[in-house]
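Student: Okay, structure incoming, though there's no sequence with it:
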């Protein structure tokens, strides 16, 4: 899902010019749809004394993006004691013919199967369940909540440039639908991130558009869970203003938007949608994103009638986020005074803005009792 608005018109012309060539032609008669989705556990080494993680997260990648490019975000969660179930959606295994036949329904089935697996693990251990999604993945997460029929619930979400509100220039891609769902639109983004190097199928784009329609037709208030939304204002695909309108429409007052700007890197002009790792975002903004994710994972949810609040000394301890996972305080006793609710202070880009009500709604996670000798970071468990 890496498009450049300045180049979309050229892309459309190039695609139309190549129509009729073997690589760009529409697919022949539809074949049976094959589900080639896969799921991979990325286990956290930061577990408590009982060997349990602090929470479970479900992570979904973007359109025509390799699922393993989400590992950078997953490792941030792992470092916070969260096990991550990484999803590879149907059509993203490198099989171009499978990509020509994807649908929004198939992707929702993939996500629901992953949700079933993650929910069973979370409920079995009495843990919170979070959702993490980039671009298409973020839109899928919102639809799962907004559609009553799915009966899905998350304790919080981290959405990276969620493709729930696109820029008007996306209409140029819609025009290519006349060539059929099997038509391959040439990709202009970073080839290293593409699941299918030759391009993105119209079936993929049309499935994304269908998901966006479902979001707008659904009950958006169901998606009002604690949410960290990160986007570059110069994103060539997703409209930050459109997302703000979506938040206003759904009265999503538990959502917080943070901005990145690809500082320190020089992406090709117009390519600012990709924000999933240090290489795509730049070291400075990646550190910002990492801190926001850590704060999100550790911030407790404080009831409005809680005049004391939990002990948040761990928030002020820089060693909390050290890769060594040194022993940490586990006290949960309330502070002796609570005149100004200091634990409800909002941290935005490292600046303290004082107490704010939305910051009292983050999911509650038990203070962990950390092991000083964690398991190796490379612990992964595939699901048959």
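Tutor: Sure thing, it's come through. None of the values given here were measured: they were computed from a predicted structure.
Student: When you work out contacts or count neighbours from here on, use the C-alpha atoms and nothing else.
Tutor: Will do.
Student: By mean pLDDT, flag the weakest helix or strand of this protein.
Tutor: strand 345-348 (a mean of 30; mean pLDDT, DSSP states H and E).
Student: gap between the two ends of stretch 217-235?
Tutor: 25 Å (Cα to Cα, to the nearest Å).
Student: Next, the buried residues of that stretch.
Tutor: 218, 220, 222-235 (16 or more other Cα atoms under 10 Å).
Student: Ok, stretch 256-263 next?
Tutor: For stretch 256-263, a neighbour-count test (16+ other Cα under 10 Å) marks 256, 258-262 as buried.
Student: Spit out the contact partners of the spatially closest residue to residue 187 that is not a sequence neighbour.
Tutor: Nearest-residue entry for residue 187: residue 199, 4.5 Å, with adjacent residues in sequence omitted and distances by Cα to Cα, 6 or more residues apart in numbering. Applying Cα atoms under 8 Å, 6 or more residues apart in numbering to residue 199 gives the contacts 64, 184-187.
Student: What ranges does this structure have for its strands?
Tutor: All strands of the chain, identified by DSSP state E, fall at 38-42, 55-60, 82-88, 128-134, 156-160, 184-185, 200-201, 227-231, 255-259, 345-348, 351-355, 380-382.
Student: With residue 103 as the reference, name the closest of these.
Tutor: Among those, the nearest to residue 103 by Cα to Cα is strand 200-201 (10.8 Å).
Student: Just name whatever secondary elements the closest one is in contact with.
Tutor: Applying 3 or more Cα pairs under 8 Å, 6 or more residues apart in numbering; DSSP states H and E, one finds that strand 200-201 contacts strand 184-185.
Student: strands paired with the strand it packs on, and their directions?
Tutor: Applying DSSP bridges, strand 184-185 is found paired with strand 200-201 (antiparallel).
Student: measure stretch 184-203 end to end?
Tutor: With Cα to Cα, one end of stretch 184-203 sits 9 Å from the other.
Student: quick one: average pLDDT of it?
Tutor: The average pLDDT within stretch 184-203 is 93.
Student: Over to stretch 122-141?
Tutor: 97.
Student: likewise stretch 54-64?
Tutor: 97.
Student: With stretch 251-270 instead?
Tutor: Rounded mean pLDDT across stretch 251-270 is 84.
Student: before we move on, what about stretch 274-287?
Tutor: Mean pLDDT, stretch 274-287: 94.
Student: Helices of the protein, residue ranges please.
Tutor: 8-18, 71-79, 96-99, 104-125, 136-146, 171-175, 202-217, 240-250, 278-281, 283-298 (DSSP state H).
Student: closest one to residue 51 among those?
Tutor: Proximity to residue 51 (Cα to Cα) singles out helix 104-125 among these, at 10.9 Å.
Student: Tell me the one of the buried residues of stretch 256-263 nearest residue 110?
Tutor: Nearest to residue 110 among these, with distances taken as Cα to Cα, is residue 256, at 27.5 Å.
Student: Test my guess that that closest one contacts residue 224.
Tutor: No - assessed by Cα atoms under 8 Å, residue 256 is found out of contact with residue 224, at 10.9 Å.
Student: okay if I get the buried residues of stretch 256-263 as CSV plus distance to residue 214?
Tutor: Formatted as CSV, the buried residues of stretch 256-263 follow (distance: Cα to Cα, whole Å):
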residue, distance to residue 214
256, 22
258, 25
259, 26
260, 28
261, 30
262, 31
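Student: before we move on, the earlier item: so which of the strands of the chain comes closest to residue 102?
Tutor: Minimum separation from residue 102 across those (Cα to Cα) falls at strand 200-201, 8.8 Å.
Student: Other residues contacting that closest one?
Tutor: With Cα under 8 Å, 6+ apart as the criterion, strand 200-201 contacts 63-64, 99-100, 181-187.
Student: Repeat the analysis, applying 7 Å as the threshold.
Tutor: Contact with strand 200-201 is made by 64, 99-100, 181-187, as judged by Cα atoms under 7 Å, 6 or more residues apart in numbering.
Student: Can you name the two of these that sit furthest apart?
Tutor: 181 and 187, at 15.9 Å, using Cα to Cα across the contacts of strand 200-201.
Student: give the contact list for the nearest residue to residue 46 once chain neighbours are set aside.
Tutor: The spatially closest residue to residue 46, leaving aside those adjacent along the chain, is residue 81, at 4.6 Å (Cα to Cα, 6+ apart). Going by Cα under 7 Å, 6+ apart, residue 81 touches 44-47, 53-55.
Student: returning to what we had before: nearest to residue 91, of the contacts of residue 199?
Tutor: residue 64 (8.1 Å).
Student: surely the closest one meets residue 195?
Tutor: Yes - shown here, residue 64 and residue 195 form a contact pair, counting by Cα atoms under 7 Å, at 5.1 Å.
Student: got any residues that touch both of the two?
Tutor: Joint contacts of residue 64 and residue 195 (Cα under 7 Å, 6+ apart) are residue 92.
Student: And residue 259, how far from residue 145?
Tutor: With the distance defined as Cα to Cα, residue 259 ends up 24 Å from residue 145.
Student: Next: residue 41.
Tutor: Counting by Cα to Cα, the gap from residue 41 to residue 145 is 23 Å.
Student: Just want to know which of those two has more residues nearby.
Tutor: Between residue 41 and residue 145, residue 145 has the larger neighbour count (other Cα atoms under 10 Å), namely 23 against 19.
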